[in-house]
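*Asks:* with the sequence up front, the predicted model follows.
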Amino acid sequence: MGGSGEPRKASGRVSARALKQRLESLADAGIADLPRASSRAARNAPAAGQSSMKAAGQSSGKASGKAASPAPAPEQLLDVIRGEVAACVRCEQLACTRTNTVFGTGPATARLCFFGEAPGADEDASGIPFVGRAGQLLTKIIEACTLSRDEVYILNVLKCRPPENRPPLPQEVANCREYFERQLAAIAPEFICCLGTTAAQALLQTDEPIGKLRGRWFTHGSAEVICTYHPSYLLRNPNAKRHVWDDMKILLARMGVDL
Ligand code: URA
């Protein structure tokens, strides 16, 4: 991991196979063109009538002589990835044992994403992340931050439940990386809060323990990243709740959210 925690490869490069699969999925969804820029850039693009030399040159299609089509909305991109995840059989064991894939919930334009580990039994049954005991605690943490589940996006590293809730295997994280990286790129949140070791280490591509990672700022793409303990850990170690609250206060201060 570099000092910033920036992933070296995953966010930037895609294999030819992954690119082909993505183009096919976009075509299946009726999306003819790939976005020219990140969804954040699209969202920050000047509104109609505002002047910007760069935007005018890019969107007029003058250089290519073709009419420009708008970049797919984040919701559309998420729907494409959701469909790929639902059909995924990269992890044979997980694909055979899952009831539902658990893609993620929340607004596609959320400022803040909570990034967890993997679905448990309740999530596997419902297809919704963080709805079991740990999820109820996460909901309380979100509400303590004066936010609601409806205004944040919640996703996991793995989209399928590991049997007996065992920790994800490195190969499973590798298999799911393309999905969560594209999911985060589509949302382009300003902030990501990693919940626990698996999420923090997967996103930041580090082996450092959560105790060392929590309460510090990292970056991932254009997002600022903070890590804290997983709600399941808090259920077993309630004394650690004060550390999570310290981390949330750091996050909220940076977000400009008043408590
Ligand atoms: N733990 C997680 O990491 N994710 C869930 O969705 C539920 C429990």
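*Replies:* Thanks, I have it. Numbering: from 1, shown residues only.

*Asks:* can you pull out the helices in this structure?
*Replies:* Ranges of helices within the chain are 16-28, 39-44, 53-59, 74-86, 92-97, 121-126, 133-144, 170-187, 196-204, 210-213, 231-236, 241-255, based on DSSP state H.

*Asks:* save those helices as JSON lines, and put in mean pLDDT too.
*Replies:* Shown next, in JSON lines, are the helices of the chain (pLDDT from 0 to 100):
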{"stretch": "helix 16-28", "mean pLDDT": "46"}
{"stretch": "helix 39-44", "mean pLDDT": "37"}
{"stretch": "helix 53-59", "mean pLDDT": "30"}
{"stretch": "helix 74-86", "mean pLDDT": "98"}
{"stretch": "helix 92-97", "mean pLDDT": "98"}
{"stretch": "helix 121-126", "mean pLDDT": "98"}
{"stretch": "helix 133-144", "mean pLDDT": "98"}
{"stretch": "helix 170-187", "mean pLDDT": "98"}
{"stretch": "helix 196-204", "mean pLDDT": "98"}
{"stretch": "helix 210-213", "mean pLDDT": "98"}
{"stretch": "helix 231-236", "mean pLDDT": "98"}
{"stretch": "helix 241-255", "mean pLDDT": "98"}
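
*Asks:* mind checking which of the ones you listed is nearest Asp150?
*Replies:* With C-beta to C-beta as the measure, helix 133-144 is the member of the helices of the chain nearest Asp150 (9.7 Å). Just so you know, the C-beta spots here come from the backbone N, C-alpha and C atoms, and that holds for glycine as well.

*Asks:* tell me the centre residue of the chain?
*Replies:* Taking C-alpha atoms, centre = their mean, the centroid of the chain lies closest to Leu184, which sits 3.7 Å from it.

*Asks:* my guess is it contacts Ile192, does it?
*Replies:* Yes - between Leu184 and Ile192 there is a contact at 7.0 Å, judged by C-beta atoms under 8 Å.
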